[in-house]
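Asks: Pasting the sequence and the predicted coordinates here, then a few questions.
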Amino acid sequence: MAKILMRSGMSPFDNFNPSKVIVENSIGSNSGNLVYAYSLFRTLMTEGTEIDSTYYRLDYTEREIKKINENYDCFVIPLADAFRKEYVDSLKAITRLVRLLKIPAIVVGVGLRASFEPKLENGFPFDEAVKDFMNAVLEKSAIVGVRGQITADYLTKLGYIEGKHHMVIGCPSMYMFGRDLNIRDTKITKDSFVCVNNSSFSPKNVLDFIESSSREFSNVYFIPQRLNELKMTYFGIPNPLDKDKPNYPHNIEHYLYERDRVRFFINFREWSKFLSQADFCFGARMHGNISSVLSGTPSLIIPKDARMREIAEYHNLTRVRYGEINKDTSIWDLIEKADFKSPCKNHHKNFDNYRDFLKINGLENIFENEDNPADTPFDIKISNTELQPVVTTYNSCSRNEAVMRTNEFVKYSNGSVRRLKTRLSKRIDAQIVERKKLKEQINYKNKIIEQKNKIIADKEKIINLKSVRFALRASRMIRKFKINK
């Protein structure tokens, strides 16, 4: 029976309530992380395989790393745009962990964060950290999977050979259900069921376009993804990060919150169910739109940077460049011109390439003998798992519900503090044990050095004594020689 440790937040089988997710940041600050984790759990969970999540932990002690080596057969590392300045410390921590592991460590997707038209020739402040990471991972795996051609070109510039050290595989989430990808035909009208996603980091022209286009539909729902937005949805707490973006839903006074037209998902199963009922989805979120595609719903994405661009291009997602959006752009014109089936065109080829990547790295998976397996071990387990329903807005909940949410949050906050204290205490105890061992080793080595110094001193005495004897003997011989002469 194989055991896999995966770098991820909450497992697809974790039934964490919103308060726990908020307190522990179980989604890694963005619910989009749940999508590719769900896909990899499904892909790698063959009969008898167990998969555990790291819950984004990186601060493992040497004793814990030893247990990982003893209890797991492989460490799987799905990453998003990990090649970025803000992630350098975490990248270094992952590098340290990989170097200490004695089991395979396989990167299933990693990307570069850069501008839409990156100047790779200028390099980045984090180049050395990326090299250390690549060198460590390549010692424990056959090849690194990257999310798009821009990242591949970046690694090539750093000296790594495409096809030997790294290969483009796209986003693992796109292969969740296999080699076939099906997107429904739908008729999109003002009364259609439409889902919108957005990022406050989008340029102003994109924010303006998404805001105005949302108002074109009578049955529209906004699906935020960030942790701060989960807090706002669940507790009504304004999001200070977006307060200077009036064209973005940054507080519960926004019309979408006021009309209870906001839904936050903390598991992919419920997210996909909701999207599968929609007629259309559009916005500036990568996994918000990928989730729509996987659910069979036509989708239009507006990439704003290199990380979104390379995935959108590789998977041929239906898209419009942010630079093409202006005040006269009409959502209806884009819908009329769009080819919503475009993600299906290259999917077979991309899937076969992804399957080759898994094989090269020796990762057993459900696609080895079947292109589109159903009723997999994962499917059976997830169907029997109770998961949290969609999170509705604070505006819509009753007084009792509001009190319950508050009490629930206090409970998990207190519990989190206790768990943190326990973890810190254990970590301190482990460090004390390690320091004690180190001190014992130092004392032992000092004793050996002391013994050797004593031996050296004794030998020096002997040498000095012999030198004195030799000198006296030589002096006598010289005197005798003079007398005889």
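Replies: Thanks, I have the structure now. Everything numeric in this text was worked out from a predicted model, so none of it was measured.
Asks: Outline the domain layout of this protein.
Replies: As given by automatic domain parsing, the domain ranges for the chain are 3-177+347-388, 193-345.
Asks: In a markdown table: those, plus mean neighbour count and distance to Gln451.
Replies: Where you see a C-beta, it was placed from the backbone N, CA and C, and this is true even at glycine. Listed next are the domains of the chain as a markdown table, based on neighbours: other CB atoms under 10 Å; distance: least, CB to CB, whole Å:
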| stretch | mean neighbour count | distance to Gln451 |
| --- | --- | --- |
| domain 3-177+347-388 | 18 | 29 |
| domain 193-345 | 20 | 59 |
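Asks: Tell me which of those domains lies nearest to Glu440.
Replies: domain 3-177+347-388 (15.4 Å; CB to CB).
Asks: Low-confidence ranges, the chain, go.
Replies: Counting by pLDDT under 70, the chain shows low-confidence ranges at 415-435, 438, 460, 463, 465-472, 474-485.
Asks: please redo it, this time with the cut-off set to 80
Replies: Low-confidence regions of the chain, defined by pLDDT under 80, span residues 1, 239-243, 415-450, 452-485.
Asks: re earlier: and the domains of the chain as CSV, adding distance to Ser398?
Replies: What follows is the domains of the chain, written out as CSV (distance: least, CB to CB, whole Å):
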stretch, distance to Ser398
domain 3-177+347-388, 16
domain 193-345, 13
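Asks: Contact partners for Gln225?
Replies: The neighbourhood of Gln225, defined by CB atoms under 8 Å, 6 or more residues apart in numbering, consists of 30-32, 197, 264, 285, 287-288.
Asks: quick one: contacts for His250?
Replies: With CB under 8 Å, 6+ apart as the criterion, the residues that contact His250 are 200, 238-239, 241-243.
Asks: I meant to write Ala142 there.
Replies: Applying CB under 8 Å, 6+ apart, one finds that Ala142 lies in contact with 360-362.
Asks: closest one to Arg184 among the domains of the chain?
Replies: Proximity to Arg184 (CB to CB) singles out domain 193-345 among those, at 4.9 Å.
Asks: so how far is the first residue of the closest one from its last?
Replies: Across domain 193-345, the straight-line distance between its terminal residues is 26 Å, by CA to CA, to the nearest Å.
Asks: Also stretch 103-117?
Replies: As for stretch 103-117, its first-to-last residue distance stands at 38 Å under the measure CA to CA.
Asks: likewise stretch 297-316?
Replies: The straight-line separation of the ends of stretch 297-316 (CA to CA) is 15 Å.
Asks: Distance from that stretch to the middle of the chain?
Replies: With CA atoms, centre = their mean, to the nearest Å as the basis, the distance from the averaged C-alpha position of stretch 297-316 to the chain average is 18 Å.
Asks: now stretch 86-102
Replies: Averaging C-alpha positions (CA atoms, centre = their mean) puts stretch 86-102 13 Å from its chain's average.
Asks: contacting residues for Asn326?
Replies: Asn205.
Asks: what are the ranges of the strands in the chain?
Replies: 3-6, 50-53, 74-77, 105-107, 144-146, 166-168, 193-197, 219-222, 280-283, 299-301 (DSSP state E).
Asks: Please render those as CSV that adds distance to Thr156 to the earlier fields.
Replies: What follows is the strands of the chain, written out as CSV (distance: least, CB to CB, whole Å):
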stretch, distance to Thr156
strand 3-6, 28
strand 50-53, 32
strand 74-77, 21
strand 105-107, 16
strand 144-146, 10
strand 166-168, 8
strand 193-197, 32
strand 219-222, 39
strand 280-283, 32
strand 299-301, 26
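Asks: And the closest residue to Glu310 other than its chain neighbours, how close does it get to Pro373?
Replies: Taking CB to CB, 6 or more residues apart in numbering as the measure, Glu310 lies nearest to Gly148, with 2.4 Å between them; neighbours along the chain are not counted. As judged by CB to CB, to the nearest Å, Gly148 and Pro373 stand 27 Å apart.
Asks: and if you look at Met6?
Replies: Met6 is 20 Å from Pro373, by CB to CB.
Asks: tell me how far stretch 230-246 is from the chain's mean position?
Replies: Taking CA atoms, centre = their mean, one finds the center of stretch 230-246 at 24 Å from the center of the full chain.
Asks: For the spatially most central residue of the chain, give me its contacts.
Replies: Averaging the C-alpha coordinates of the chain gives a centre point, and the residue nearest to it by CA atoms, centre = their mean is Leu79 (3.7 Å). Residues touching Leu79, when contacts are defined by CB under 8 Å, 6+ apart, comprise 7, 107, 109-111.
Asks: Asn239 too?
Replies: Applying CB under 8 Å, 6+ apart, we find Asn239 in contact with 228-229, 231-232, 250-251.
Asks: let's go with 10 Å and repeat that
Replies: By CB atoms under 10 Å, 6 or more residues apart in numbering, Asn239 lies in contact with 200, 224, 226-233, 245, 248-252.
Asks: Same question for Pro246.
Replies: Taking CB under 10 Å, 6+ apart as the criterion, Pro246 is in contact with 207, 211, 254.
Asks: Many thanks, I have nothing further to ask.
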